[in-house]
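Student: test case, fold it:
(4 chains)
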Number of protein chains: 2
Amino acid sequence: MTVSRVLRNRGDVSDTTRTKVLAAAKALGYVPNKIAGALASNRVNLVAVIIPSLSNMVFPEVLTGINQVLEDTELQPVVGVTDYMPEKEEKVLYEMLSWRPSGVIIAGLEHSEASRAMLKAAGIPVVEIMDTDGIPIDAMVGISHRRAGREMASAILKAGYRHIGFMGTKMPLDHRARKRFEGFTEVLAKNGVEIEDRAFYSGGSALAKGREMTQDMLSRSPELDFLYYSNDMIGAGGLLYLLDQGIDIPGQIGLAGFNGVELLQGLPRQLATMDACRLEIGRRAAEIIAAQLSDPPDPVETKVVLAPTIAYGDTLKRR
Amino acid sequence: MTVSRVLRNRGDVSDTTRTKVLAAAKALGYVPNKIAGALASNRVNLVAVIIPSLSNMVFPEVLTGINQVLEDTELQPVVGVTDYMPEKEEKVLYEMLSWRPSGVIIAGLEHSEASRAMLKAAGIPVVEIMDTDGIPIDAMVGISHRRAGREMASAILKAGYRHIGFMGTKMPLDHRARKRFEGFTEVLAKNGVEIEDRAFYSGGSALAKGREMTQDMLSRSPELDFLYYSNDMIGAGGLLYLLDQGIDIPGQIGLAGFNGVELLQGLPRQLATMDACRLEIGRRAAEIIAAQLSDPPDPVETKVVLAPTIAYGDTLKRR
DNA sequence: CAAAGGTTTGTTCGCGATAACATCGTGCCC
DNA sequence: GGGCACGATGTTATCGCGAACAAACCTTTG
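Tutor: Now for the predicted structure:
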């Protein structure tokens, strides 16, 4: 018991025994068994973080934000990846919950019935992140992707572009991309504009795909004067292709992506994009979890809607 | 006990009771407590994966390889990030080991004395990955970065370049980058060539840094005819800059990076690089863990040295 | 129909820690 | 010097499950 107290820094232990215990622990290479500790204390201090993908640049940045905040607490994030598949999300969630984490941060607002039931039944703080177009189970932090789509559409129309092509990923289950697209077309429709060509890809190097798709689309639909990409990577590919071709950007053709990835800063031109507030989302989500778990719970805003900001860069005319 | 048997699919249970149990579990939303299970059975089925960074594109790919293999087993990876800091590695390792994982996959061969002691004392399979220039604690999978550096140097010299500049990250603790550099300079030295200029960066967008640094270096040392970058991202930045400047590549200046990232496929020119076998490393490491944990342990090769292959691309003359 | 043997279900104990409470010492005060 | 308070240390029960063994229940067979 004294050893336990020393190693957890809890309760009074005299300095002499404390040092003796620490010395012995070191000599023996003793590593406490958190499994037993967690069982006995009913406290786990793990936060399950469930995201669709790691190979995306956007989620690692969210993780960074989460880490930054949790580092100052005793909480530790544990990451699970769903590959955008609801069944896998369900499985990962089940696995995670069976470790009885202290909280859950999960991407998106769309989950299977079973997943929602598990989250509700878990009796722990749940923060749904990235997206705010929907009703959260508990807390949420994100941006409105519908609004992001709408704002980009407005900016494009205001700049005078009228013949718009769209390129995105072939991901029916990426609800956020879908919502952006919906918001985008909604504003276009209100202004009597329709998307004139579209293309979707899956797999491969996004940059290379952006190139190819742009080439294909322009040869198919040479009248286009604007290309909207569902992410910056393919947008960057398109940009590089158009620059190669000596096309006037943003005069002849305008371009925009989404995400505000750091990569863009190194391109010959700055691609117009919209910041998805990834780091901030991670931080705020972690803060909500931490606040709800502190004793007594700190009051926090549990429905956080961040405002994505448009970056015009060099590929979208301004008026 | 019968419930336990049903939920773990272990032991004989009649179909009638099995269905009854499953129905009840579902109705109650019962999620078994793995903490208690792990404590009782002394089996955890977690594999600790300890890597320096997630924002790098190289480690996510290793993780993908690990995932691919572990998905077919009952093992589950748990990721810890060290930010290239030995103290943090030590801390993360300690935290991880206190959950008593079934195996450890850890990047690099260089660890603090304490970390090595913990790994040895843990009594579980340990696979050190990425690098093979050194002596592993237990198993290792990777490439020789020294050799990678040497081979690139040979290729560059063979192509006739003699005035070489180097750009890399300011990371004294990235041992693999260091070893590549050592191998590189070693071959140069043998051929009476020295690196004529060098620059290091930290933080920021690698692509943008590649641009800036290349510009600076060439204005400082205009006589250079080859630029060797410690990673593809800054190499790509340099490439884009030089193309902007209308410089003849690979005639006037040759370029090479390292890693073989997918990104490169979308660039206007293919940057010369060397594949680090990231996916393969992840897969092999996971296979070693899985094999050693199967009962009885499958025999596997525990010292796997993969051969990095050079890709000449369009930025390195061939002869 | 009893014994044997297999299948299914139940009991007990312990995993390694912590919570809660109990005990031991020491110093202080009246 | 006795009583008390408080800090330091020790005891016991418990967390939820699985291992190992025990018991109950079937089925088969001579």
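
Student: how about the residue in chain A that DNA strand D sits nearest to, nearest residue that isn't a chain neighbour?
Tutor: Per C-beta to the nearest atom of the strand, A:Asp12 is where chain A lies closest to DNA strand D, at 2.5 Å. Quick note: C-beta positions are derived from backbone N, CA and C, even for glycine. Here the nearest residue to A:Asp12 in space, its sequence neighbours aside, is A:Arg5; by C-beta to C-beta, 6 or more residues apart in numbering or on different chains that works out to 7.9 Å.

Student: next: A:Ile247.
Tutor: Sequence neighbours aside, A:Ile253 is the residue nearest to A:Ile247 in space, at 5.8 Å (criterion: C-beta to C-beta, 6+ apart).

Student: next: A:Arg18.
Tutor: Using C-beta to C-beta, 6+ apart and skipping the chain neighbours, the partner closest in space to A:Arg18 is A:Val6 (5.1 Å).

Student: how about the one you found, what does it touch?
Tutor: By C-beta atoms under 8 Å, 6 or more residues apart in numbering or on different chains, A:Val6 lies in contact with A:Val13, A:Thr17, A:Arg18, A:Val21, A:Leu22, A:Ala25.

Student: residues contacting the residue nearest to A:Ile247?
Tutor: A:Leu218, A:Leu224, A:Asp225, A:Phe226, A:Leu227, A:Leu242, A:Ile247.

Student: try 10 Å
Tutor: Contacts for A:Ile253 (C-beta atoms under 10 Å, 6 or more residues apart in numbering or on different chains) come out as A:161, A:163, A:165, A:214, A:218, A:224-227, A:238-239, A:242, A:245, A:247, A:315.

Student: phi, psi for A:Thr82 please.
Tutor: The main-chain torsion angles of A:Thr82 are listed as degrees, to the nearest 10 and equal phi -110, psi -10.

Student: that one and A:Ile281: what is the separation?
Tutor: A:Thr82 sits at a distance of 17 Å from A:Ile281 (criterion: C-beta to C-beta, to the nearest Å).

Student: kindly report the same for A:Ala114.
Tutor: 25 Å.

Student: the more surrounded of those two?
Tutor: Between A:Ala114 and A:Ile281, A:Ile281 has the larger neighbour count (other C-beta atoms under 10 Å in any protein chain shown), namely 27 against 16.

Student: quick one on the thing from earlier: tell me the phi and psi of the residue of chain A closest to DNA strand D?
Tutor: Backbone torsions of A:Asp12, given as degrees, to the nearest 10, read phi -90, psi 130.

Student: ditto for A:Ala139
Tutor: With angles defined as degrees, to the nearest 10, A:Ala139 sits at phi -110, psi 160.

Student: that one: neighbouring residues, count only.
Tutor: Residues within reach of A:Ala139, counting by other C-beta under 10 Å, total 23.

Student: what's the answer for A:Val92, then?
Tutor: 22.

Student: per-residue pLDDT of it, please?
Tutor: As predicted, A:Val92 sits at a pLDDT of 94.

Student: cool, and A:Ser55?
Tutor: Here, the pLDDT recorded for A:Ser55 equals 80.

Student: what of A:Arg319?
Tutor: In this prediction, A:Arg319 carries a pLDDT score of 63.

Student: quick one: contacts for the residue nearest to A:Asp138 when sequence neighbours are not counted?
Tutor: The spatial neighbour of A:Asp138 that comes closest, neighbours along the chain excluded (C-beta to C-beta, 6+ apart), is A:Val126 at 4.1 Å. If a contact means C-beta under 10 Å, 6+ apart, then A:Val126 has A:48, A:103-106, A:116, A:118-120, A:136-140, A:288-289, A:292 as its contacts.

Student: just the ones of the residues you listed in strands?
Tutor: Assigned to strands by DSSP state E, the following of the contacts of A:Val126 qualify: A:Ala48, A:Gly103, A:Val104, A:Ile105, A:Ile106, A:Ala139, A:Met140.

Student: stretch A:94-101 vs chain B: in contact?
Tutor: Yes: Stretch A:94-101 lies within reach of chain B by C-beta under 10 Å from any C-beta of the partner chain, at A:Tyr94, A:Glu95, A:Met96, A:Leu97, A:Ser98, A:Trp99, A:Arg100.

Student: which of those residues count as buried?
Tutor: By the neighbour-count criterion of 16 or more other C-beta atoms under 10 Å in any protein chain shown, these include these buried positions: A:Met96, A:Leu97, A:Trp99, A:Arg100.

Student: which SS state does the residue lying closest to A:Ile135 once chain neighbours are set aside fall under?
Tutor: Using C-beta to C-beta, 6+ apart and skipping residues adjacent in sequence, the residue nearest A:Ile135 is A:Leu109, 7.1 Å away. Using DSSP: H, G, I helix; E, B strand; the rest coil, the structure places A:Leu109 in coil.

Student: how about the contacts made by A:Leu109?
Tutor: Contacts of A:Leu109 were listed using C-beta under 10 Å, 6+ apart, and they are A:116, A:128-137, A:140, A:142, A:175-176, A:179.

Student: same question, A:Val79
Tutor: A:47-51, A:54, A:59-60, A:63, A:66, A:92, A:96, A:105, B:54, B:63, B:77-81.

Student: wait, is it part of a strand?
Tutor: Yes: secondary structure of A:Val79 (three-state DSSP): part of a strand.

Student: how close does it sit to A:Ala291?
Tutor: The gap separating A:Val79 from A:Ala291 is 21 Å, by C-beta to C-beta.

Student: try A:Lys158
Tutor: With distances defined as C-beta to C-beta, the gap from A:Lys158 to A:Ala291 amounts to 40 Å.
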